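> Predicted coordinates and the sequence they were generated for:
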Protein chains: 2
Amino acid sequence: MTADKETAILDAMLDLVAERGFHGTPVSQVAKRSGVSAGIIYHYFDSKDALIHELYRRIKMDYGRALLAGDPLSLPWPDNLTCVWLNAFRFYVEHPRETLYLEQYENSPYYDPAHFTNLDENMGQLAAMIQTEFAAGTVQELPFPVLYELTLGVALGLAKRQIAGVVVMDASELEHVAEACCRAIAK
Amino acid sequence: MTADKETAILDAMLDLVAERGFHGTPVSQVAKRSGVSAGIIYHYFDSKDALIHELYRRIKMDYGRALLAGDPLSLPWPDNLTCVWLNAFRFYVEHPRETLYLEQYENSPYYDPAHFTNLDENMGQLAAMIQTEFAAGTVQELPFPVLYELTLGVALGLAKRQIAGVVVMDASELEHVAEACCRAIAK
DNA sequence: ATGCCTCGATTGAACGTTCATTCGAAATGG
DNA sequence: CCATTTCGAATGAACGTTCAATCGAGGCAT
């Protein structure tokens, strides 16, 4: 019952930050919601900032893993990208707290883009997939961030709208948009 | 030398928030950078939060105005949307502080989406433009937020990458992406 | 088994700092 | 001379962090 406490702290942090932001979640509240004392948090994490960074790291890894669900790498173009696109959208809407956390983090001074060049294992596989499509002549050879914004960036934006309750995308609309994104970067 | 002070405060706030975030910009620092005393800020604004909201409101209005530069409403499809798209991108990259501020604000608990239904004058004209294209059968009749994410949302995402220094879009690439966005929502 | 010892886990009150905000007084200007 | 603007020290609350004290499971000697 020792590793449990660490995740309880992270989960409480996620809850509170998604709801009230970094500024609005004092360590004392994290302690209260996770059912531990304030002091013990500093046994598991060096500081509040370290806790914030660690939570980001874990969510980002889960996200990378989720993108590869259904083995899109084995599918032909454009089914591979459609699969990844739908995976991204599904992750976002099924994990609204995580999505809000990621967005707050990446738009805050906590986020250091230089530190982001550490493409993890899963992201690396995605980059390789794109390289293959470059070679096959199916995808325009645009910079990676451009391709990202034209595809997964749209999934993120739409998911945020759905989380906010502004729209509700049904399955056929999703297919439609995913295909539009594929077309936008196809050669 | 009295109305100047209000904008000096807002400008200092913009500087600091873009650089260190809401959490990292105490009122005392805003006072120092704007060259006024801490107390006087409360003569012009009810609270720090009120200052934050007011700055958002002004930036959002400037943004809406910038979108209509070059009178895109008088252009035929798809030149009208291309013009708006490029206007958005240009506003973002030429106003990096404002862009970072908008993003932080809209991803924070300060942002109330319900309060966002107040489409201001300029946004209203854009909505009307889209309605016209619906009638003309040139644009798919998707929900407004979906159309937004497929077009201006991409401009925002790309501009953020350029502000972060990850990519530099040249004029022809921009034209290319803007056209791809138009195609994505064309019928 | 029993009592003892040890050590990491855990507590929550206390600490020092920082923050947003207030306020009485001084300056300004019409 | 009044109203408005400006100052900056004072205030009190809230925060992140620390720390001395307590707990409790498990090894060890008897």
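Sure, I can see it. Residues are numbered from 1 along each chain as shown, chains lettered A, B, ... in the order given.
> Those residues of chain A touching DNA strand C, which are they?
With C-beta under 7 Å from any atom of the strand as the criterion, chain A meets DNA strand C at residues A:Met1, A:Thr2, A:Lys5, A:Gly35, A:Val36, A:Ser37, A:Ala38, A:Gly39, A:Ile40, A:His43. All C-beta spots, glycine's among them, are computed from the backbone N, C-alpha and C.
> Which members of those are positioned in helices?
Using DSSP state H, the subset of the residues of chain A next to DNA strand C located in helices is A:Lys5, A:Ala38, A:Gly39, A:Ile40, A:His43.
> Out of the residues you listed, which one has the weakest pLDDT?
In terms of pLDDT, A:Lys5 ranks lowest among those, with 93.
> send the alpha carbons of the least confident helix or strand in chain A by mean pLDDT over as CSV?
Ranking every helix and strand in chain A by mean pLDDT, DSSP states H and E puts helix A:121-136 at the bottom, with a mean of 92. Taking Å, rounded to 0.1, in the frame of the first residue of the first chain, the C-alpha atoms of helix A:121-136 are listed here in CSV:
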residue,chain,number,x,y,z
GLU,A,121,9.1,5.4,-28.3
ASN,A,122,5.6,5.6,-29.6
MET,A,123,6.0,9.0,-31.2
GLY,A,124,9.1,7.7,-32.9
GLN,A,125,7.1,4.9,-34.5
LEU,A,126,4.6,7.5,-35.8
ALA,A,127,7.4,9.6,-37.3
ALA,A,128,8.7,6.5,-39.0
MET,A,129,5.3,5.8,-40.4
ILE,A,130,5.2,9.3,-42.0
GLN,A,131,8.7,8.8,-43.4
THR,A,132,7.4,5.6,-45.1
GLU,A,133,4.6,7.5,-46.6
PHE,A,134,7.0,10.2,-47.8
ALA,A,135,8.9,7.4,-49.6
ALA,A,136,5.8,6.0,-51.1
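> From the contact counts, what lies against that helix?
For helix A:121-136, the packing partners by 3 or more C-beta pairs under 8 Å, 6 or more residues apart in numbering or on different chains; DSSP states H and E come out as helix A:48-67, helix A:144-150.
> wait, does the longest one contact DNA strand D?
Yes: when contact is scored as C-beta under 7 Å from any atom of the strand, part of helix A:48-67 falls within range of DNA strand D: A:Lys48, A:Asp49.
> Tell me the one of the residues of chain A next to DNA strand C nearest DNA strand D?
Distance to DNA strand D across the residues of chain A next to DNA strand C (C-beta to the nearest atom of the strand) is lowest for A:Gly39, with 3.2 Å.
> so how far is A:Val27 from the residue in chain A that DNA strand C sits nearest to?
Nearest residue of chain A to DNA strand C (C-beta to the nearest atom of the strand) works out as A:Gly39 at 1.8 Å. Separation of A:Gly39 from A:Val27 (C-beta to C-beta, to the nearest Å): 10 Å.
> the more surrounded of the two?
A:Val27 (17 against 9; other C-beta atoms under 10 Å in any protein chain shown).
> wait, doesn't that one sit right on A:Lys48?
Yes: using C-beta atoms under 8 Å, A:Val27 is in contact with A:Lys48, at 5.5 Å.
> check contacts around the residue nearest in space to the middle of chain A.
The residue lying closest to the centre of chain A (C-alpha atoms, centre = their mean) is A:Tyr63, at 4.6 Å. By C-beta atoms under 8 Å, 6 or more residues apart in numbering or on different chains, the residues touching A:Tyr63 are A:Ala88, A:Phe91, A:Glu98, A:Leu102.
> Quick one, grab the pLDDT at it.
In this model, A:Tyr63 is scored at 96, pLDDT.
> measure it to B:Ala88 for me?
Distance, A:Tyr63 to B:Ala88, using C-beta to C-beta: 27 Å.
> Repeat that for A:Ala38.
Distance of A:Ala38 to B:Ala88, given as C-beta to C-beta: 45 Å.
> Just the pLDDT for the residue lying closest to A:Arg58 once chain neighbours are set aside.
Nearest non-adjacent residue to A:Arg58, counting by C-beta to C-beta, 6 or more residues apart in numbering or on different chains: A:Leu10, 7.0 Å away. A:Leu10 is assigned 98 on the pLDDT scale.
> quick one: secondary structure of A:Tyr111?
At A:Tyr111 the chain is in coil, as set by DSSP: H, G, I helix; E, B strand; the rest coil.
> burial measure for it, as a count.
A total of 16 residues lie near A:Tyr111 under the criterion other C-beta under 10 Å.
> Ok, A:Gln140 next?
Residues lying near A:Gln140 (other C-beta under 10 Å) number 17.
> and what of A:Ala114?
By other C-beta under 10 Å, the residues close to A:Ala114 number 8.
> what bits of chain A have low per-residue confidence?
Across chain A, residues meeting the criterion (pLDDT under 70) sit at A:1-3, A:116-119.
> which of A:Ala38 and B:Ala88 has more neighbours?
Between A:Ala38 and B:Ala88, B:Ala88 has the larger neighbour count (other C-beta under 10 Å), namely 22 against 13.
> Please name the residues that touch the residue nearest to the more buried one when sequence neighbours are not counted.
Among residues not flanking B:Ala88 along the chain, B:Ala155 sits closest, at 4.4 Å (C-beta to C-beta, 6+ apart). By C-beta under 8 Å, 6+ apart, the contact list for B:Ala155 reads B:Trp85, B:Ala88, B:Phe89, B:Tyr92, B:Ala178, B:Cys181.
> A:Pro143 is in contact with A:Ala127, correct?
No: using C-beta under 8 Å as the test, A:Ala127 is too far from A:Pro143 to be in contact (11.9 Å).
> Domain map for chain A?
Structural domains annotated on chain A: A:1-45, A:49-185, as defined by automatic domain parsing.
> hang on, isn't A:Gln29 packed against A:Leu16?
Yes: with contact defined as C-beta under 8 Å, A:Gln29 counts as touching A:Leu16 (5.8 Å).
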